[in-house]
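Chemist: when you get a sec, could you give me coordinates for this:
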Amino acid sequence: MELYQLRYFLAVRDGGSTMAAAARLGVGQSSVSTAVRGLERELGARLFHRVGRGMVPTPAGHALVGPARRIVRECDQSIEVAADPGRRVSGRLEIAALSTAVSGPLAELIAQWLTDTTGAGVHVHDLAREEEVVEALTGGSIEIVCTRVPLAVAPAGALRVLPLGPGDLHVAFPPGAETPPDRVLDLADLTAVPMVLVPPGRRSDFERETARQPLEVAAVVEQREARTSLMLGGVGATIVGPALARTARAGGAHVRRLAPRFREEMGLVFDPDQLSSVARSFIDTAVEYVGRGGQQRLARG
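Modeler: The predicted structure follows:
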């Protein structure tokens, strides 16, 4: 098996055809087809179904994607380090995150890591649903996921969770709304307030409490980051974490703490045995980051 065969295989998988792969790689289409056929012979398995002009991975092809990406990534990073021995890490970190997680500790962590690291970059992919954590990691494209913890779906045995620290939930009122009482509010204060909420699903403490004491719903939005925009636009109040609370205040919203305290925590999910040197350096920075906050705890999910 040759490294170029894995590159061609991944290009076909990502492009959906040998023609698209050839255009991306800058080689002839016949070269791509020959490389894929050779890889199939060596592995003794068919990697793609030919569907019209396209190519769809078979179960064997899907199983190869993750290992192939890790091999190619490690080889690329090793080549860069060999070319510049003084460089501590190099390459690009592939991380997926919930949209609401990016503005919290993750942004601070990425900024710190990029400041301390030479020759590395980061690509933050969107994690549309919390249930996709395991799928994102096993696919091979993503090395680390940032999401709410504890996880909505129990992780596979090899995965680890590094909590980044909890934060209190707040309620944010639109700038043009009647100024709420300047005190800690309880849910009884919100029963007549139009709210912008996301669909239930996690069965968090907040969801359990509002199931017993329902809120008045003005809008339900699938995009969690859209809550703040709709709130600032005057649709209704909404529930925000610490980072979005700062954003809401900057936009002129009235932000109040809640009682009882409802807490939300973000964490990093990863497979410690599959991390590239770039990803491992990021986790090392995260452990130091958490340790400085007095909350260093690396545990199974």
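Chemist: which intervals of this structure have sub-threshold pLDDT?
Modeler: Flagging of the chain using pLDDT under 70 yields the residue ranges 77-90, 152-157, 201-203, 294-301.
Chemist: what about the strands in it?
Modeler: Using DSSP state E, the strands of the chain run over 48-51, 54-57, 91-97, 120-126, 144-149, 160-168, 170-173, 185-186, 195-197, 217-220, 237-240, 254-259, 263-270.
Chemist: in JSON lines, list those along with mean neighbour count.
Modeler: Every C-beta, even on glycine, is put in place using the N, C-alpha and C of the backbone. Below are the strands of the chain laid out as JSON lines (neighbours: other CB atoms under 10 Å):
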{"stretch": "strand 48-51", "mean neighbour count": "13"}
{"stretch": "strand 54-57", "mean neighbour count": "18"}
{"stretch": "strand 91-97", "mean neighbour count": "21"}
{"stretch": "strand 120-126", "mean neighbour count": "14"}
{"stretch": "strand 144-149", "mean neighbour count": "24"}
{"stretch": "strand 160-168", "mean neighbour count": "18"}
{"stretch": "strand 170-173", "mean neighbour count": "24"}
{"stretch": "strand 185-186", "mean neighbour count": "16"}
{"stretch": "strand 195-197", "mean neighbour count": "21"}
{"stretch": "strand 217-220", "mean neighbour count": "14"}
{"stretch": "strand 237-240", "mean neighbour count": "26"}
{"stretch": "strand 254-259", "mean neighbour count": "17"}
{"stretch": "strand 263-270", "mean neighbour count": "22"}
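Chemist: which residues of the stretch 151-300 of the chain fall in helices?
Modeler: 205-212, 226-232, 242-250, 277-292 (DSSP state H, counting those that start in this stretch).
Chemist: return the most buried member of the ones you listed.
Modeler: Per residue and on average, the most neighbours among the helices of the stretch 151-300 of the chain fall to helix 226-232, with a mean of 20 (mean count of other CB atoms under 10 Å).
Chemist: C-alpha coordinates for that one, CSV please?
Modeler: Output of helix 226-232 as CSV, limited to C-alpha atoms (Å, rounded to 0.1, in the frame of the first residue of the first chain):
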residue,chain,number,x,y,z
ALA,A,226,-29.7,32.5,16.5
ARG,A,227,-31.3,32.9,20.0
THR,A,228,-29.2,36.0,20.8
SER,A,229,-30.0,37.6,17.5
LEU,A,230,-33.7,37.1,17.8
MET,A,231,-33.6,38.3,21.4
LEU,A,232,-31.7,41.5,20.5
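Chemist: can you tell me what sits against it?
Modeler: The contact list for helix 226-232 (CB atoms under 8 Å, 6 or more residues apart in numbering) reads 172-175, 196-198, 219, 221, 236-240, 244, 247-248, 251-253.
Chemist: what do you get for stretch 247-263?
Modeler: 103, 166-175, 177, 179-187, 204-206, 209, 228, 231-232, 240, 245.
Chemist: ends of that stretch, what's the gap?
Modeler: Start and end residues of stretch 247-263 are separated by 18 Å (CA to CA, to the nearest Å).
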